[in-house]
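Visitor: Give me the fold of what follows.
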Amino acid sequence: MSYAILGILSARDWSAYEVAEQIGRGMSEIVPRADRQRYNAPKKLVERGLVTARTEPTGTQRSRTIYSITPEGRAAITEWMATETKASTMEFEGLLRVCVADLGSIDDLRNTLRTVRAQAEMKRQVFVANARLIKTPGAGSFPGRQHVLAMSAKYMVGHFTHIISWVDWMLDEVADWPDTVTPVETHADRIQAILDGIIEEYGDSSPAQE
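Guide: The predicted structure follows:
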């Protein structure tokens, strides 16, 4: 989260509201904690000397806080960029519900899948909208990053497209399930075929062992 904000501020100074707005434009899908910390995290960076904060009038009786990255902040993110990246993680409640679907009804499972699909469609459109904004000359917040943001948008759109395709496939698979318990026996052959397909397609894709 800290590096996400430093990355935002490295382009230019932003108000507290603008930083939160940038995080809300899809960054919270990459850094799950970002949305919950969008207002508090910059304050912590100020305490660490990586960011400074100043107050500016807005023309009304209220004022706004403007954040700026410090040389120490730039050094911190440059150093971080040279380190080995962590493995990707995922926070996906819908998939957890699928994993324990035998504890609920078949209607619960199907409703979960439909909800997951609707959410994925909505989030995919967020990144399609971002792509339009990035493409528009002078409209994006980070014109100097158009090339790398385009690559990121491609991944995120593909990610949510994959979820949508998986849901459609699974809805077909469970269409004749009478419940969420007995298919372990009544659909055993089909389950084995799915597992065999996974192993056949990806079983040799692991890194070679020395």
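Visitor: can you pull out the strands in the chain?
Guide: For the chain, strands defined by DSSP state E occupy the ranges 14-15, 51-57, 63-69.
Visitor: Compare these and give me the one nearest A118.
Guide: Nearest to A118, of all the strands of the chain, is strand 14-15, at 32.0 Å by CB to CB. Every residue, glycine included, has its C-beta placed from N, CA and C.
Visitor: Please dump the strands of the chain into TSV; it should also carry mean neighbour count for every row.
Guide: Output for these, formatted as TSV (neighbours: other CB atoms under 10 Å):
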stretch	mean neighbour count
strand 14-15	18
strand 51-57	13
strand 63-69	17
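Visitor: Mind putting these into CSV with mean pLDDT?
Guide: Formatted as CSV, the strands of the chain follow (pLDDT from 0 to 100):
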stretch, mean pLDDT
strand 14-15, 90
strand 51-57, 91
strand 63-69, 92
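Visitor: now for those strands, which one comes closest to E29?
Guide: strand 14-15 (19.8 Å).
Visitor: quick one: contacts of that closest one?
Guide: For strand 14-15, the external contacting residues (CB atoms under 8 Å, 6 or more residues apart in numbering) are I8, Q22, R64, T65, I66, Y67.
Visitor: And the furthest pair within those residues?
Guide: Taking CB to CB, no two of the contacts of strand 14-15 sit farther apart than I8 and R64, at 16.0 Å.
Visitor: I164 - nearest residue in space that isn't next to it in sequence?
Guide: Nearest non-adjacent residue to I164, counting by CB to CB, 6 or more residues apart in numbering: A120, 5.0 Å away.
Visitor: contacting residues around the one you found?
Guide: Per CB under 8 Å, 6+ apart, neighbours of A120: F160, T161, I163, I164, V167.
Visitor: Name the residues that touch stretch 186-193?
Guide: E173, W177, P183, V184.
Visitor: Okay, and which of those map to helices?
Guide: Mapping the contacts of stretch 186-193 onto helices (DSSP state H) picks out E173, P183, V184.
Visitor: most neighbours, which of the residues you listed?
Guide: P183 (19 neighbours; other CB atoms under 10 Å).
Visitor: Tell me how far it lies from A101.
Guide: Separation of P183 from A101 (CB to CB, to the nearest Å): 10 Å.
Visitor: ok, back up a step: and the residue nearest to I164, what pLDDT?
Guide: For A120, the pLDDT comes out at 97.
Visitor: wait, what's in contact with T70?
Guide: The neighbours of T70, taking CB under 8 Å, 6+ apart as the test, are G49, L50, V51, T52.
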